[in-house]
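A.B. asks: here are the coordinates; sequence isn't available:
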């Protein structure tokens, strides 16, 4: 006890937690301070900690928001008692052993806090002072109120109220349920709740508001959320509400012992399953209304986690803020109604309710294809998805279920053909009058002006700035705006309008604030108000709606995604592995995500001359032949190396000395190519992979271990007495007569196909017994138990989950009925994550506080070590500075491997809540003696999405920099400190005040401007508004030169960015799934290629550039970008498997070739990655090969023309030294396509 005999109680509170004033005994003193005060190192705050006898750490969310937690534990004196309260029960379990509070006392204190009014606060203080301080004070147990009921109704009146609601429903009135957390009722903090209920009623709906706690506690009498939902929202087993608004933060699953409240995957008895209603999450923000309006972040970090991230785990629809945190006259905080957010949430819930009540034959549905860039070759662009055929499947199920669709389509290509027959976004081939004549409808500018006048003044001002006074000129013809798409009965199938960047390409060098055109808004308003759609469905990954300017999360009416989406129920078909971008659609357009499977993949193998060459090298290394024969074989191999351009892959020149290591390198490189995974076609929404694609999909899901069950290849290896790890780690070793380890991998791969094919032929109902295995594989020379375990997993888990790909369509249809689409984890199932399947679920991400996890940090360490090893090998020295590109989706899939790499390079490791928890609570310095190398400076170029989804990562990196620059180390040992000190000295010399100079010198995280997204480079490439890589570097700097720290959010710091880049000696971007590579996604060249161009511009030298890969987390690898380019060129782009797979998908398949060519061109423009022989081979493969050329010309001549045009542009710009005959061939094809398209006689359908 304190020396003055006063028992001192201290509350440490986060921004969302408050403590009621209490009437305490004179012998008790109570102080309150904020977490942020201690995190800032405030001496007064830490003095209060030191003086306190009993400390309450109360957090609204995770305790990981308190970075000083470990320091708090370290500084506790023996007399001091700490109590930690967290809404996260797993955290309580981890922390309880570290507290000087036994479980019984913990539960007692927790029960006081559960109803923490002034009286219970007083009782609690007397209890702890008596129990832990030895004071002779009487105390009473906590007293509890009514924990749950219908809000605003006395308990005895509840049944009457319910009957009134049921009567109203029979008259066609919608009922909206509202879940009010008990703690708001306890604190009488309900103004925003009352406003929400009133707003719902003004819409013509009835409201059923209930209040409840989340968890069950027999001692306090709490029955918990599940009981409340059962009791108040169901009547005779039928739901009373038509939709639900939930105001309770966190995942409802937090309060369930057996898992999420929606019940386990196949248990249809869960209360949420039985309600089968859309649930919208509405929330409050810690910001005041004034702060919210000014703040482009929208939501504070605590509200982001508690009210957005965690509710997504339960399949809730992300809503909007309905309350802001204000201070009353007495200084106490309260939630004030946020009127525009309340109206938005109420209308959205009402529209979902109307959708549920409307008969199918009356429902009107809008299906929207993406079209970026807005060309006729790219209609329905969607990563890994055959979107036209998927829409055909969607249309067919809608027809079957009674949606009015009088016309039938033959297939997806016919849908595309009909759209092109009407009007698309690419009208350059048509005269204005023909555009209006062919359009399915047009929007009078007079109508748009009425819509425009209803927009907020801020939106109108930004539109005028970018596009002139409404309606502007973009897509306006004779005072009309054409609608791209077709109408079939009650279904509109259209194109998302152009983003409009192409019209502002020259501004991209300097301006990052172009908003969407007037036309964009007009088209979405037409869908909502003229076509009168009840729900819209966006098809595939991804569109532009969710990326429009505005607040980063917690949107307002002045945010352009909400301007366009309005109150529309929104379903979005999305690639399961592209989780980051999907989460953006959830949070910025209130989308229900229907995730779909990855396309089937298979090993690339060898083809053409590579097959024969592989045989030659294998023969050379394994055959017992005479020296003369070996010399002859050696000569033939060396000749073929040059002929096949493999010399460029492995860095061989004819004038260098040849040793046996060269042939080993060739053998290993060929093994890498053969083992590289290639997509075999595209996924079709709602369809199970067929034939060979089913077999390969099963094998891909078994390519990595699952717990103690080994991979399929390892099971086969063990069957013969080998180990997959050993075989892969030493591919050149001879493992049996005439066979290297690499060749054994080839053999095991072939056998894996045989085993799975055999099981499929027999119905996939049982694993092969010993006799069957012997028949397929021959005699077992190792052990068969491991293989049988893998095959049993295939039968019990893999195959059934794949068969449920049909859930995709079923749950999409469920969404059109305003039913509850069950939640499911996003990510790549092929990365050892079977629980991601089945798809067709409402995709969610991860807990941001668990970055980096223990495992991710270990993998990040390995990536960093390999990166430095390669840099030493390539340059002979450690890099002073590395630039790394960070995506949000990568962190979600890997739990922060990139962040682990950054921390390790700087010589730090995370401090976790415990050895068994991944919650990060601080950072620890790795001593130089342990590190064994200098601390590397790391500059991070983050995506706008990472900024939005992981503000804690920005904080963590910023914290890391500040720790490292403060170390007492030499510049030779600490490159971060070296550059910091140099920058600080220069800033001070320039007259900058010391505090500002220290902050500026520590900036290491850069990104695009607040509320915007992208890198700018692609717009210049696509519109040809560039001359050299310096131009592209300038755009990358303009878009990336915004600083992010704990104190800066996107502040323009272009010169600081340039100074950091001038010191960069290496760049890196990591990939972690097998389904994508550097030429597969435009973001790769936009961000990584862009940063390479920017470094070249700022430093005058080309940096070493690397590409890390952790698609097999246990076997990460770092290659140079040039090596990765060579791998992708040979294993996928020129591989017949890839194009033959695309041919099954007609128009959509051909587009992927044009899209990849765009990306190849972009990489070469920014980073000079494409060699002359690459261009020649691509030209011959896609355009010169008559089979491939004629197919593209038949199904998508726009794509063929785009491929030819890109190759010609590259030659004209001097990016390759093309053969004259190649230029002649490309020109001929280009002109042929141009003539064909000008005639307007061909579309994507076969005639």
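C.D. replies: Received the coordinates, thanks. This structure is a prediction, so every number in the text was calculated from the model and none was measured.
A.B. asks: let me know the secondary structure of residue 1037.
C.D. replies: Put simply, residue 1037 is helix when judged by DSSP: H, G, I helix; E, B strand; the rest coil.
A.B. asks: okay, residue 81: pLDDT?
C.D. replies: Looking at residue 81, its pLDDT is 88.
A.B. asks: mind listing what it touches?
C.D. replies: Residues near residue 81 by C-beta atoms under 8 Å, 6 or more residues apart in numbering: 53-55, 99-101, 128, 132. (Each C-beta comes from the backbone N, C-alpha and C, glycine too.)
A.B. asks: any of those residues buried? List them.
C.D. replies: Applying 16 or more other C-beta atoms under 10 Å to these, the neighbour count classes 53-55, 99, 101, 128, 132 as buried.
A.B. asks: identify the farthest-apart pair in those.
C.D. replies: Pairwise distances across the buried ones among the contacts of residue 81 peak at 14.5 Å for 53 and 99 (criterion: C-beta to C-beta).
A.B. asks: residues contacting residue 443?
C.D. replies: 480-481, 483, 522-523, 525-526, 530.
A.B. asks: so what's residue 1193 up against?
C.D. replies: 1200, 1232-1233, 1236.
A.B. asks: out of those, who's the most crowded?
C.D. replies: Greatest neighbour count in these, by other C-beta atoms under 10 Å, goes to residue 1200: 28 neighbours.
A.B. asks: next SSE downstream of the longest strand along the chain?
C.D. replies: Longest strand in the chain, counting residues (DSSP state E): strand 317-327. Next in sequence after strand 317-327, counting helices and strands by DSSP states H and E, comes strand 333-337.
A.B. asks: and that next one, which strands flank it?
C.D. replies: Here strand 333-337 is paired, per DSSP bridges, with strand 317-327 (antiparallel).
A.B. asks: let me know the closest of the contacts of residue 81 to residue 1122.
C.D. replies: Nearest to residue 1122 among the contacts of residue 81, with distances taken as C-beta to C-beta, is residue 99, at 55.1 Å.
A.B. asks: quick one: the closest one and residue 82 touch, right?
C.D. replies: Yes - using C-beta atoms under 8 Å, residue 99 is in contact with residue 82, at 5.7 Å.
A.B. asks: contacts only, for residue 357.
C.D. replies: Residues in contact with residue 357 (C-beta under 8 Å, 6+ apart) are 172, 174, 242.
A.B. asks: excluding its backbone neighbours, what's nearest the last one?
C.D. replies: Translated: residue 242. For residue 242, ignoring the flanking residues on the chain, the nearest one in space by C-beta to C-beta, 6 or more residues apart in numbering is residue 353 at 3.6 Å.
A.B. asks: and for the one you found, the neighbour number?
C.D. replies: When neighbours are counted by other C-beta under 10 Å, residue 353 registers 26.
A.B. asks: if you average pLDDT per helix and strand, which one of the chain comes out bottom?
C.D. replies: None of the helices or strands of the chain scores lower by mean pLDDT, DSSP states H and E than helix 89-95, at a mean of 78.
A.B. asks: isn't residue 335 right next to residue 284, touching?
C.D. replies: Yes - between residue 335 and residue 284 there is a contact at 5.0 Å, judged by C-beta under 8 Å.
A.B. asks: which residues do those two both contact?
C.D. replies: Both residue 335 and residue 284 are in contact with 192, 323-325, where contact means C-beta under 8 Å, 6+ apart.
A.B. asks: quick one: stretch 409-417 to chain centroid distance?
C.D. replies: From the chain centre to the centre of stretch 409-417 is a distance of 31 Å (C-alpha atoms, centre = their mean, to the nearest Å).
A.B. asks: neighbouring contacts of it?
C.D. replies: 379-380, 386-392, 395, 418, 486, 493, 1146-1148, 1195, 1243-1246.
A.B. asks: quick one, strands of the stretch 851-1000 of the chain?
C.D. replies: Using DSSP state E, counting those that start in this stretch, the strands of the stretch 851-1000 of the chain run over 881-886, 908-914, 917-925, 937-942.
A.B. asks: among the ones you listed, which comes closest to residue 1134?
C.D. replies: Ranking the strands of the stretch 851-1000 of the chain by proximity to residue 1134 (C-beta to C-beta) places strand 881-886 first, at 26.5 Å.
A.B. asks: same for that closest one, what does it pack against?
C.D. replies: With contacts taken as 3 or more C-beta pairs under 8 Å, 6 or more residues apart in numbering; DSSP states H and E, strand 881-886 sits against helix 897-905, strand 937-942, helix 1054-1062, strand 1066-1071, helix 1090-1099.
A.B. asks: which parts of that strand are buried?
C.D. replies: For strand 881-886, by 16+ other C-beta under 10 Å, it's 881-886.
A.B. asks: strands paired with that strand, and their directions?
C.D. replies: strand 937-942 (parallel), strand 1066-1071 (parallel).
A.B. asks: and the angle from it to helix 1054-1062?
C.D. replies: 110 degrees (axes from the mean of the first three to the mean of the last three C-alpha atoms, to 10 degrees).
A.B. asks: now do strand 881-886: everything it contacts.
C.D. replies: Under C-beta under 8 Å, 6+ apart, the answer for strand 881-886 is 867, 898-899, 901-902, 905, 936-943, 946, 953, 975, 979, 1060-1061, 1063-1069, 1087-1088, 1091, 1095, 1103.
A.B. asks: buried only: go through the contacts of stretch 409-417 for me.
C.D. replies: 379-380, 386-392, 395, 418, 486, 493, 1146-1148, 1195, 1243-1245.
A.B. asks: pretty sure residue 282 is touching residue 247, no?
C.D. replies: Yes - look at residue 282 against residue 247 with C-beta under 8 Å: they come within range, at 5.6 Å.
A.B. asks: now do the shared contacts for the two.
C.D. replies: Common neighbours of residue 282 and residue 247 (C-beta under 8 Å, 6+ apart) are residue 322.
A.B. asks: out of those two, which sits in the more crowded spot?
C.D. replies: Each of residue 282 and residue 247 has its neighbours counted (other C-beta under 10 Å); residue 282 has more, 30 against 24.
A.B. asks: quick one: that one is in a helix?
C.D. replies: No - assessed with three-state DSSP, residue 282 is strand; it does not lie in a helix.
A.B. asks: what's the local residue count around residue 1028?
C.D. replies: 13.
A.B. asks: backbone phi and psi for it, please?
C.D. replies: phi -150, psi 180 (degrees, to the nearest 10).
A.B. asks: what's the closest non-adjacent residue to residue 1181?
C.D. replies: residue 1134 (5.4 Å).
A.B. asks: wait, that neighbour touches residue 1179, no?
C.D. replies: No - using C-beta under 8 Å, residue 1134 is not in contact with residue 1179, being 11.1 Å away.
A.B. asks: comparing the two, which shows the higher neighbour count?
C.D. replies: Using other C-beta under 10 Å as the criterion, residue 1134 and residue 1179 rank with residue 1179 on top: 26 against 20.
A.B. asks: and the gap between residue 476 and residue 371?
C.D. replies: To residue 371, residue 476 is 19 Å away according to C-beta to C-beta, to the nearest Å.
A.B. asks: the more surrounded of the two?
C.D. replies: The neighbour comparison of residue 476 against residue 371 (other C-beta under 10 Å) goes to residue 371, with 26 against 19.
A.B. asks: count of neighbours near the closest residue to that one other than its chain neighbours?
C.D. replies: Spatial nearest neighbour of residue 371, excluding adjacent residues (C-beta to C-beta, 6+ apart): residue 495 at 4.6 Å. Residues lying near residue 495 (other C-beta under 10 Å) number 23.
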